[in-house]
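S.K.: Give me a model of this one.
(2 chains)
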There are 2 protein chains.
Amino acid sequence: MTDVTDRLTVRLSERARLMPASPIRRLVPYAERAKARGVKVYHLNIGQPDIETPAEIIKGYKKIDIKVLEYGHSAGLKSYIQSLVKYYHKAGIAVEPEEILVTTGGSEAISFALHALCDPGDEVIVPEPFYTNYFGFAIMAGVRLVPITTRPENGFALPDKAEFVRLITPRTRAVLFSNPSNPTGAVYTQDELKMLGELAREHNLFLISDEVYREFVYDGAVPLSVLNLKGVEDRVVMVDSISKRYSACGARIGCLVSRNKEFMSTVLKFGQARLCPPTIDQLAAQEAEQIPPSYFEQVRAEYRRRRDVLCAELNKLPGVRFLPPKGAFYLIAGLPVDDAEEFAIFMLNDFCLNNETVMLAPGSGFYATPGMGKNEVRIAYVLKCEELVRAVAVLGAGLKAFSQR
Amino acid sequence: MTDVTDRLTVRLSERARLMPASPIRRLVPYAERAKARGVKVYHLNIGQPDIETPAEIIKGYKKIDIKVLEYGHSAGLKSYIQSLVKYYHKAGIAVEPEEILVTTGGSEAISFALHALCDPGDEVIVPEPFYTNYFGFAIMAGVRLVPITTRPENGFALPDKAEFVRLITPRTRAVLFSNPSNPTGAVYTQDELKMLGELAREHNLFLISDEVYREFVYDGAVPLSVLNLKGVEDRVVMVDSISKRYSACGARIGCLVSRNKEFMSTVLKFGQARLCPPTIDQLAAQEAEQIPPSYFEQVRAEYRRRRDVLCAELNKLPGVRFLPPKGAFYLIAGLPVDDAEEFAIFMLNDFCLNNETVMLAPGSGFYATPGMGKNEVRIAYVLKCEELVRAVAVLGAGLKAFSQR
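M.R.: A predicted model of the protein is given here:
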């Protein structure tokens, strides 16, 4: 017999219970308390670039000339979609306007893709470590993420097709990955993408490729779009965003691109339910058309410098292991600690060097396999070189203090 | 034996198949074609006010002074949350900052609420006719909407508690409603809200109250917030948005308010997954603090005039039945046609009067009970009085032409 009191207890959904706090963001209260104590916190934890948003985009906000801030089209403003088409053509990706849905950040794009392709209980294979918020979107959609581990000793390359095949069940619907990869910095090769294409064709899967770091590749690495894969045109979904591309994270403008008409018509219906992405942010994003081509070269050079400085400085710290990333602006570092989350909290709560400390993203949040990443952290190199030097010195001192506490 | 070809057919999710096109937006292509032919279309179909967005908000965009368009806090910018607290206090609703999560429009607020309270297969009771996009959010969340019909002959009042109780099953998790109501214009009384409170307490349900039309009430009707209901503080979720309040639909700034701490901590985790609502739109929305109190009086007076004009003009059309709305800016009208969607398409495709026509939202999209609303339309009175006069004249001529076709 059910106890009436229990029956009447206020209770949220099972997915509310399962929903993880963002491992990137859940340490925020510790950081806030440190700042309240007057400690300077170097944010190595979050992909919030300090690169200035191009003046063209900021001017885009300032020059608005409207009387009524109306709803836009659910698929996005036509003029903004046109500007995206031009951008993709320049990036070597032939896209038609009707293959694009503008979303509220890449976040909404991932969420829409999972909802359109998966039902509750379905599975999506995801190379780990992966962008931690994939977890949250999967739980909201009732989707189970099935991890396939990539390893620094292999350059975080994708495992063989056979390893993927072993994970496929009747519920498997898609492979979700970011390329260039957040958090590993891997940039997948033509062969790796071809393998994914074969896998998708042979096992009736979709590929969801998160390409928001396209512009950030180094050492001659080439960012390949899943949209240019042959023979899987109807199985491919690309997720994008201007957040990193133009250092405009707060604009919340992303998009979904696919040549699958049924998919596009479904995500348009999702888009109609939420009415439209932000209007003025799209108008401002459209101004990116005015940004000179040299912009990306400069930004890329700056990130490459930062990567080089970060790697050089980290190399000085005993027991810290990492692979120099080829793309994006993160790396996964193994630390000489048992529990990197405990260490990250220690750094914010109990440590400072000349009144400075660093905030790190604990690695376990980037893995779905229990126990993986426990002594790892993700480090974002989104600070100026001199700040990175300083931050790594603070990290080194913190590691020493932690081992001696 | 499964046919291999069939097994390899590209197929989306079941919820993709179930997802309805927005009945408000799915006629858009017809309207676009009419406009391309040079026909002027009066938009009675969508709650896109023509009232100017307050200059304070527009200036808020123009005066931004930032170098890096950063992510904001996942719960919303602190300064914007403070301005919301002040607004609610003025509206007679005592709210603390930690009881607020800023969302990307009221849309995201509804979606987050359903995901936090319901698992796939759970049920939510919703008085019909209801805001049609509740359908889409429910299907994305795997939630079944269970309609309880409200009727014009009762002023679209809520049915008795006993009628609600009859619909409750072990899967029922919440009652979702808008107050003032889109699309009926009903404004629920203290007794109706008390009944919902009792229902929630006695049957362990949540109340999700969509109050985005709070400022739009007429004839002395008083908008009551579910947040002021006693004894159900932990069972109540309020959805809000600035879209209608300040004629700023394109800003996509809404919020969720609840005194249930576990709920707020869950929706914050959903919020962390999507990072943050748009930053500059929040900064602009914050400028609403500068809007003089007379603003709402003027806007309310304008909508009341429009409502009066719309009702007076509709009264002239034979066979058109409706109830003068007490709130929001919509009414449900019964038309002398068998199929209002067919009629709405006819108006866009096959009819014009002096090169003008009207766009209507077919009523069936606002009901979950099959067959209901088939000869009804929702009319939004978001146009100037003289345009409403003209639009109703065109509608009348269209009805005549349709009956004679």
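
S.K.: helix or strand for the residue in the stretch 301-405 of chain A that chain B sits nearest to, which one?
M.R.: The nearest approach of the stretch 301-405 of chain A to chain B comes at A:V382, 10.1 Å away (CB to the nearest CB). The C-beta positions use only the backbone N, C-alpha and C, and glycine is treated the same way. Counting by DSSP states H and E, A:V382 is held by no secondary-structure element, helix or strand.

S.K.: That one is in contact with A:D50, isn't it?
M.R.: Yes: counting by CB atoms under 8 Å, A:V382 touches A:D50, with 5.9 Å between them.

S.K.: Can you check which helix is longest in chain A?
M.R.: In chain A, ranked by residue count with DSSP state H as the criterion, the top helix is helix A:294-314.

S.K.: Now do the contacts for the nearest residue to the residue of the stretch 301-405 of chain A closest to chain B once chain neighbours are set aside.
M.R.: Closest residue in space to A:V382, ignoring its immediate chain neighbours: A:P49 at 4.4 Å, by CB to CB, 6 or more residues apart in numbering or on different chains. For A:P49, the contact set (CB atoms under 8 Å, 6 or more residues apart in numbering or on different chains) comprises A:K244, A:S247, A:C249, A:F329, A:V382, B:V68.

S.K.: which of those sit farthest apart?
M.R.: A:F329 and B:V68 (14.4 Å; CB to CB).

S.K.: More neighbours: which of these two?
M.R.: Neighbours were tallied for A:F329 and for B:V68 using other CB atoms under 10 Å in any protein chain shown; the higher tally belongs to A:F329 (26 against 16).

S.K.: Quick check, that one in contact with A:R305.
M.R.: No: contact criterion CB under 8 Å: A:F329 and A:R305 do not qualify, at 11.4 Å.

S.K.: pLDDT score assigned to the residue of the stretch 301-405 of chain A closest to chain B?
M.R.: As predicted, A:V382 sits at a pLDDT of 93.

S.K.: Tell me how far it lies from A:G105.
M.R.: Look at A:V382 and A:G105: by CB to CB, to the nearest Å, they are 17 Å apart.

S.K.: Please enumerate the helices of the stretch 101-250 of chain A.
M.R.: Assigned by DSSP state H, counting those that start in this stretch, the stretch 101-250 of chain A shows helices spanning A:105-117, A:133-141, A:161-167, A:190-203, A:242-245.

S.K.: For chain B, which of those helices is the nearest?
M.R.: helix A:133-141 (2.9 Å).

S.K.: So what's the residue count around the closest residue to A:K194 other than its chain neighbours?
M.R.: Nearest residue to A:K194, sequence neighbours excluded (CB to CB, 6+ apart): A:L229, at 7.3 Å. By other CB under 10 Å, the residues close to A:L229 number 21.

S.K.: now do A:Y131
M.R.: There are 24 residues near A:Y131, going by other CB under 10 Å.

S.K.: swap in the one 4 residues further on?
M.R.: Neighbouring residues of A:F135 were enumerated by other CB under 10 Å; the total is 22.

S.K.: what's near enough to touch it?
M.R.: A:P20, A:L145, A:G365, A:A368, B:A273.

S.K.: Low-confidence ranges, chain A, go.
M.R.: Counting by pLDDT under 70, chain A shows low-confidence ranges at A:1-8.

S.K.: coming back round to it: for the helices of the stretch 101-250 of chain A, state which one has the densest average packing.
M.R.: The highest mean neighbour count among the helices of the stretch 101-250 of chain A, using mean count of other CB atoms under 10 Å in any protein chain shown, belongs to helix A:105-117: a mean of 27.

S.K.: still on that earlier bit, and the longest helix of chain A, what other elements does it pack with?
M.R.: When contacts are defined as 3 or more CB pairs under 8 Å, 6 or more residues apart in numbering or on different chains; DSSP states H and E, helix A:294-314 sits against strand A:330-334, helix A:385-403.

S.K.: how far does that helix sit from the chain's center?
M.R.: 19 Å (CA atoms, centre = their mean, to the nearest Å).

S.K.: now the strands for chain A?
M.R.: Secondary structure of chain A, counting by DSSP state E: strands at A:40-43, A:100-103, A:123-128, A:144-149, A:172-178, A:206-210, A:236-241, A:254-258, A:321-322, A:330-334, A:356-359, A:361-362, A:376-380.
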